[in-house]
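Trainee: Just to be clear, the model below is a prediction. Sequence and coordinates:
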Amino acid sequence: MTALQVGALVLVAVGAPVVALVRDPLRQAFCFGVFGTALAILFFVFQAPDVALSQMVVSAVGLPVIVILALAKLREEEAEGEEE
Amino acid sequence: MSRPARFWLFGAGALALAAMLVLAIVDLPGFGHYPGPYGDLIEQGGESATHATDLVTAVNFDYRAYDTLGEEFILFAAVLGIAIVLRDRRGERKRAPGAPGTEGGLVRPSAALGMVGLAMVGPLVVLGIEIAVHGHLTPGGGFQGGLPLGSAVFLAFLGGEYAAMKKVAPHAAVELGEAAGAAGYALVGLGGLLFATAFFQNFIDRGEPGRLLSAGTIPLSNIAVALEVAGAFLLLWIEFSDQALLVVPDDSGDEEG
Amino acid sequence: MLPYLVAVWILCWGLYGIVSSRHLFHLVLCLGVAQAATYVLLIGVGYKSGAAAPIYADISSSTPVVDPVVQALALVDIVVEATVAALLLALAMQTQKRFGTVDPDELHSLRG
């Protein structure tokens, strides 16, 4: 196993507990984006460029956008709830 | 069950799961010593059978095309589910886009961000189409190319006004695009049934490997899937932005949802 | 050995995140982390030492390549499971509207 592959594995292994332990959903969305990028690097180094492309687009763009939009709605709902 | 008790139970369960998994891993063939046989079969026969140089796309859209049909319909059903879950409910009303105050909690972008965003729309569309159409030649394909396509339209919102994006991509048109993609892929399969002997059989002339028009039905499948994925994700983002920006509780009716 | 162990490690952390979650959005993203474990395992299984990516566009047909089947499985999986995660987020949003909270500990029973 090359040093690059070991490095990518370590990066991913460090990223997983970070995503699980961050509590604030907004921060976690960004951590998840970084974790997804690390995963994409891992797939690329393991000779899987198609999977890396797919992972890159989905986890850096697709999911964080949805989480942030949903959070905006949630904050609004919570504010309404406190007003009543 | 109380929270500490739940954690103890999880700890015990996780340790047992990890132990069993590690025991299973020890019996796997060593890392890097792939035993085959399917990978080797496709490696030897893949390029000559399908004339596609990207074996992963060939596997997805030729060898295992039926599987991809199922996955695509999972995508379709999930988006349908989201549209149903976020449907108009009693106790809420939807403001018209462009009405005052519809930017809601989202901050208005600066002029620089707006300009860069709108300048990126064109390159993103081209990139998405290129990745999707060249799926059988280089890394790419419908699934990877559809997302840049969808996000190019969504950039119109991030770079400017929500009302502008709604005009460019009306709900009905996006739904039509997504449905057309899903139906198109199923039709490619039916074409295999009609013009050849089996569902999803590659019935178009395969051409020369390495050229854009080669690999039979694979480019068609890629285009259909790209359309579907772009439509699906765009619908998702539109549904969620509608929720965040346009849907407000209706104070005139009763509040029970 | 190492990639498989990393996959188990990621899975356990994802499961811990789900169990200890106090916010339904946090739960959905930890589910995504657990799914990543399966992708790492799949790609790890298909790898051949010294082989190239399974794309013959610029290499000769006789170079050994890694297994394309597991890559095909993983790549479709990624896109589909992101959509399912979005469905879960939509459900979480409606939960907030209906019950006023997204804390799983406070959502005791499903009413109506």
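Mentor: Ah, there it is.

Trainee: Of all residues in the chain, which one is nearest the centre?
Mentor: Picking chain A for this. The structure's chain A has its C-alpha centroid closest to A:F32; by CA atoms, centre = their mean the separation is 1.7 Å.

Trainee: wrong chain, I was asking about chain C
Mentor: Computing the C-alpha centroid of chain C and ranking residues by CA atoms, centre = their mean puts C:Q35 first, at 2.0 Å.

Trainee: ok so, going back, and the residue nearest to the centre of chain A, what helix or strand is that in?
Mentor: Under the criterion of DSSP states H and E, A:F32 resides in helix A:25-45.

Trainee: Export the helix or strand that that helix is followed by to PDB, keeping only CA atoms.
Mentor: Next in sequence after helix A:25-45, counting helices and strands by DSSP H and E, comes helix A:49-57. Extracted in PDB, the C-alpha atoms of helix A:49-57 (Å, rounded to 0.1, in the frame of the first residue of the first chain):
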ATOM      1  CA  PRO A  49     -12.200   7.700 -10.400                       C
ATOM      2  CA  ASP A  50     -15.900   7.200 -11.200                       C
ATOM      3  CA  VAL A  51     -16.800   6.700  -7.600                       C
ATOM      4  CA  ALA A  52     -14.700   9.600  -6.600                       C
ATOM      5  CA  LEU A  53     -16.500  11.900  -9.000                       C
ATOM      6  CA  SER A  54     -19.900  10.700  -7.700                       C
ATOM      7  CA  GLN A  55     -18.900  11.100  -4.100                       C
ATOM      8  CA  MET A  56     -17.300  14.500  -4.600                       C
ATOM      9  CA  VAL A  57     -20.400  16.000  -6.200                       C
END
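
Trainee: and helix A:49-57, does that touch chain C?
Mentor: Yes: contact between helix A:49-57 and chain C, assessed by CB under 8 Å from any CB of the partner chain, occurs at A:P49, A:D50, A:V51, A:L53, A:S54, A:Q55. Placement of C-beta: from N, CA and C, glycine included.

Trainee: packing partners for that helix?
Mentor: helix A:25-45, helix B:55-58, helix B:142-159, helix C:24-46, helix C:68-99 (3 or more CB pairs under 8 Å, 6 or more residues apart in numbering or on different chains; DSSP states H and E).

Trainee: Just name the most buried of those helices.
Mentor: helix B:55-58 (a mean of 31; mean count of other CB atoms under 10 Å in any protein chain shown).

Trainee: Helix or strand next in line after that helix, which one?
Mentor: Sequence-wise, the next helix or strand downstream of helix B:55-58 (DSSP H and E) is helix B:65-85.

Trainee: Which residues belonging to the helix or strand just after that following helix are considered buried?
Mentor: Once helix B:65-85 ends, the next helix or strand along the chain (criterion: DSSP H and E) is strand B:92-94. Within strand B:92-94, the residues that count as buried by 16 or more other CB atoms under 10 Å in any protein chain shown are B:E92.

Trainee: when you scan strand B:92-94, is anything in it near chain A?
Mentor: No: for a cut-off given as CB under 8 Å from any CB, strand B:92-94 has no contacts with chain A; the smallest distance is 10.8 Å.

Trainee: what does the average pLDDT come to for that strand?
Mentor: Throughout strand B:92-94, pLDDT has a mean value of 71.

Trainee: ok, now stretch A:26-43?
Mentor: Across stretch A:26-43, the average pLDDT comes to 93.

Trainee: pull the CA atoms of it into CSV?
Mentor: C-alpha atoms of stretch A:26-43 as CSV (Å, rounded to 0.1, in the frame of the first residue of the first chain):
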residue,chain,number,x,y,z
LEU,A,26,-24.7,23.6,10.7
ARG,A,27,-21.1,22.9,11.7
GLN,A,28,-21.7,19.3,11.1
ALA,A,29,-22.9,19.9,7.5
PHE,A,30,-19.6,21.5,6.7
CYS,A,31,-17.6,18.8,8.5
PHE,A,32,-19.6,16.3,6.4
GLY,A,33,-18.6,18.1,3.3
VAL,A,34,-14.9,17.9,4.2
PHE,A,35,-15.4,14.2,5.2
GLY,A,36,-16.9,13.5,1.8
THR,A,37,-14.0,15.2,0.1
ALA,A,38,-11.6,13.1,2.0
LEU,A,39,-13.6,10.0,0.9
ALA,A,40,-13.4,11.2,-2.7
ILE,A,41,-9.6,11.5,-2.4
LEU,A,42,-9.5,8.0,-0.9
PHE,A,43,-11.5,6.5,-3.8
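
Trainee: Show residues contacting that stretch.
Mentor: For stretch A:26-43, the surrounding residues in contact (CB atoms under 8 Å, 6 or more residues apart in numbering or on different chains) are A:5, A:8-9, A:11-12, A:15-16, A:18-19, A:22, A:49, A:51-53, A:55-56, A:58-60, A:63-64, A:67-68, A:71, C:25-26, C:29, C:32-33, C:36, C:39-40, C:43, C:74.

Trainee: Stretch C:25-35 now?
Mentor: Contact with stretch C:25-35 is made by A:16, A:19-20, A:22-23, A:25, A:28-29, A:32, A:35, A:59, A:63, A:67, A:70-71, A:74, C:10-11, C:13-18, C:21, C:77, C:81-82, C:85, C:88-89, C:92, C:102, C:104, as judged by CB under 8 Å, 6+ apart.
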